[in-house]
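Novice: I would like to see how this sequence folds:
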Amino acid sequence: MGKATGFLEYRREVPGEIRPQERIDTWEEFTVPMAEEKLRTQGARCMDCGTPFCHAGRLLSGMASGCPLHNLIPEWNDLVYRGSWKEALKRLHKTSNFPEFTSRVCPAPCEGACTVGKSGQPVTIKSIERAIIDRGFAEGWIQPRVPAASTGKKVAIVGSGPAGLACADQLNKAGHAVTVYERADRIGGLLMYGIPNMKLDKQIVQRRVDLLAAEGIRFIPGVEIGKDLSADRLRAEFDAVVLCCGATQARELHIEGRELGGVHQAMEFLSQNTRSLLDSGHQDGRFLSAKDKHVVVIGGGDTGTDCVATAIRQGCRSVTQLEIMPQLPQSRRPDNPWPEWPKVQKIDYGQAEAAELFGQDPRRFETSSKSLLGNEQGQVTGVQTVRVEWKEIDGRRVPVETPGSEQVLPADLVLLALGFVGPELALSEQLGLDQDERSNVKAELGDFRTNVEGIFAAGDMRRGQSLVVWAMHEGRLAAREVDRYLMGRVNP
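Specialist: Coordinates of the predicted model:
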């Protein structure tokens, strides 16, 4: 695919970005689109590798290797190289419902498994994907396509995140009448309120929701199933129900001072900020503000990075991000071979912005929080930390505190970005659904049926906290099984 010798002739290039000092005053996306000629050159780097691992979509050592959606990456890389953009869009949409989401927020396991990357720099797959879908919308190639016939079957989907939307899209295409329920005031779930606007512009999300609605999907926001509408009534009104409620139960930090004012879960901070931005441009004041505050983010993942970037845009005085794990190496270690996901040190957008604004990377690795300190008014004033060293004890790697390394960081706002432990339990318990030891709804991969007749589960609610691309993959597969359940066969 691409130019036979392209990977030897051309170097990897990625889109430019607006400089951190310039972009932190806005909530807009900051990637600068690449010129068409450069994109075609990048497509030419896709080699005729025989076995393209980029779209394998499997787990290696517990990490994604290749695209879980099995995107036909070599094919649309070749089409972009040849200037056949409309055909590239058709190939992209063949496996992916929402490339505009994944091309913005996915960590690109496809690039980690790229054969060119085995001994060099991988093809810039993610950037090409974004260019294809953005051009498709800009050129007007993407228009509503209403199903030609109806099956007469009704399906309810609970949750409008990536799994729910993908499932709804597939079932609607199969001719079923699909209704999507969302407890938030806007459709999109994690895509709308869990990811900041500068990382995924909400107009991009709304554009796709509007398209799906024009194709016949009915969206009902502001309704929580099990509370505003009973689960029994839902089952009675629909032929099948698909639960795509996500893994929204946040992991807690059980240390002294957790009850202090100014200590919040990351999603509370992020969702309030986005809602206020969309409702009033932050004029209503209905959000947690980091302005003029010393902010400490506990947790080193993507959500922690989003908190760092959001706090900076709100005008924080300082920001520190605590990570209990060691700093990753600059290049692959021997025990992390290709095509595994490369466990290497990266500087994400939030860290780059903090480094430029405050002069240093905000992350402190191998650092654990011991307690939260407060004043007489019950407000947090600091975080007591300690350095840790990871050691092998009884066959397990555990963090061991380093004596004399205690330190107190000033903190007026502490954000807990420690991930999620599973789905919220109320709806599962009301429906009598079986759960695994991690509280995820039991439903076998490939079947997606729960122990209750007519109820299916997909996405993070079934598999646990994961990537947007995995959620979309599960939504698509679950739709196939729901279609089989309703019709006795799969609609081609």
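Novice: what's the neighbour count on residue 179?
Specialist: Residue 179: 17 surrounding residues under other Cβ atoms under 10 Å. All C-beta atoms are positioned from the backbone trio N, CA, C, and that covers glycine.
Novice: so what's it up against?
Specialist: 154-157, 217-220, 238 (Cβ atoms under 8 Å, 6 or more residues apart in numbering).
Novice: ok, and the most crowded of those?
Specialist: residue 157 (32 neighbours).
Novice: mind listing what's buried in stretch 138-150?
Specialist: Burial within stretch 138-150, assessed by neighbour count using 16 or more other Cβ atoms under 10 Å, is assigned to 142, 147.
Novice: ok now it, how far from the chain's centre?
Specialist: 26 Å (Cα atoms, centre = their mean, to the nearest Å).
Novice: any idea how far apart the tips of that stretch sit?
Specialist: Distance between the boundary residues of stretch 138-150 (Cα to Cα, to the nearest Å) amounts to 31 Å.
Novice: could you chop this structure up by domain?
Specialist: Residue ranges for the domains of the chain, per automatic domain parsing: 6-138, 154-249+421-487, 252-418.
Novice: which of these sits closest to residue 146?
Specialist: Distance to residue 146, taken as Cβ to Cβ, is lowest for domain 154-249+421-487 among the domains of the chain, at 5.5 Å.
Novice: start to end distance for the closest one?
Specialist: Domain 154-249+421-487 has an end-to-end distance of 12 Å (criterion: Cα to Cα).
Novice: what mean pLDDT does it have?
Specialist: For domain 154-249+421-487, the mean per-residue pLDDT is 97.
Novice: that older thread, and the domains of the chain: which comes nearest residue 147?
Specialist: Closest approach to residue 147 among the domains of the chain is made by domain 154-249+421-487 (4.9 Å; Cβ to Cβ).
Novice: quick one: the helices in the stretch 51-200 of the chain?
Specialist: With DSSP state H, counting those that start in this stretch as the criterion, the stretch 51-200 of the chain has helices at 73-81, 85-95, 99-105, 109-112, 125-138, 162-173.
Novice: repeat that for the stretch 251-400 of the chain.
Specialist: In the stretch 251-400 of the chain, the helices defined using DSSP H, counting those that start in this stretch lie at 266-280, 302-314, 349-358.
Novice: reformat those as JSON lines; add mean pLDDT, distance to residue 131 and mean neighbour count.
Specialist: Rendered in JSON lines, the data for those read as follows (pLDDT from 0 to 100; distance: least, Cβ to Cβ, whole Å; neighbours: other Cβ atoms under 10 Å):
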{"stretch": "helix 266-280", "mean pLDDT": "98", "distance to residue 131": "26", "mean neighbour count": "19"}
{"stretch": "helix 302-314", "mean pLDDT": "97", "distance to residue 131": "23", "mean neighbour count": "25"}
{"stretch": "helix 349-358", "mean pLDDT": "97", "distance to residue 131": "19", "mean neighbour count": "20"}
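Novice: compare those and give me the one nearest residue 296.
Specialist: Here helix 302-314 is closest among the helices of the stretch 251-400 of the chain (Cβ to Cβ), at 9.7 Å.
Novice: between that closest one and helix 349-358, how many degrees?
Specialist: Here the directions of helix 302-314 and helix 349-358 differ by 40 degrees (axes from the mean of the first three to the mean of the last three Cα atoms, to 10 degrees).
Novice: off-centre distance for the longest helix seen in the chain?
Specialist: Scanning the chain for the longest helix, with DSSP state H as the assignment, gives helix 468-487. For helix 468-487, the distance from its own C-alpha centre to the chain's C-alpha centre is 18 Å (Cα atoms, centre = their mean).
Novice: which of the residues in it are buried?
Specialist: Buried residues in helix 468-487 (16+ other Cβ under 10 Å): 468-483, 485-486.
Novice: try stretch 35-48
Specialist: By 16+ other Cβ under 10 Å, the buried positions in stretch 35-48 come out as 38-47.
Novice: how about TSV for those residues, with distance to residue 3, pLDDT and secondary structure added?
Specialist: Listed next are the buried residues of stretch 35-48 as TSV, based on distance: Cβ to Cβ, whole Å; pLDDT from 0 to 100; DSSP: H, G, I helix; E, B strand; the rest coil:
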residue	distance to residue 3	pLDDT	secondary structure
38	14	96	helix
39	14	97	helix
40	10	97	helix
41	9	97	helix
42	11	97	helix
43	9	96	helix
44	4	96	helix
45	8	96	coil
46	8	95	coil
47	9	91	coil
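Novice: distance to residue 202 for the helices of the stretch 51-200 of the chain - can I get that in a markdown table?
Specialist: Shown next, in a markdown table, are these (distance: least, Cβ to Cβ, whole Å):
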| stretch | distance to residue 202 |
| --- | --- |
| helix 73-81 | 26 |
| helix 85-95 | 22 |
| helix 99-105 | 12 |
| helix 109-112 | 25 |
| helix 125-138 | 15 |
| helix 162-173 | 14 |
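Novice: any idea how far the residue lying farthest from the centre of the chain lies from residue 45?
Specialist: Most distant residue from the mean C-alpha position of the chain: residue 376, 39.3 Å away (Cα atoms, centre = their mean). Distance, residue 376 to residue 45, using Cβ to Cβ, to the nearest Å: 62 Å.
Novice: same check on residue 133?
Specialist: Separation of residue 133 from residue 45 (Cβ to Cβ): 20 Å.
Novice: before we move on, the earlier item: looking at the buried residues of stretch 35-48, which is nearest residue 95?
Specialist: Closest to residue 95, out of all of the buried residues of stretch 35-48 and judged by Cβ to Cβ, is residue 46, at 16.4 Å.
Novice: hmm, that closest one is touching residue 76, no?
Specialist: No. If you go by Cβ atoms under 8 Å, residue 46 and residue 76 don't touch, sitting 9.2 Å apart.
Novice: OK, contacts around residue 185?
Specialist: Counting by Cβ under 8 Å, 6+ apart, residue 185 makes contact with 221-222, 275.
Novice: for the strand of greatest length in the chain, name the packing helices and strands.
Specialist: Longest strand in the chain, counting residues (DSSP state E): strand 380-393. With contacts defined as 3 or more Cβ pairs under 8 Å, 6 or more residues apart in numbering; DSSP states H and E, strand 380-393 has these neighbours: strand 367-374, strand 396-401, strand 407-410, strand 413-416.
Novice: great, nothing more from me.
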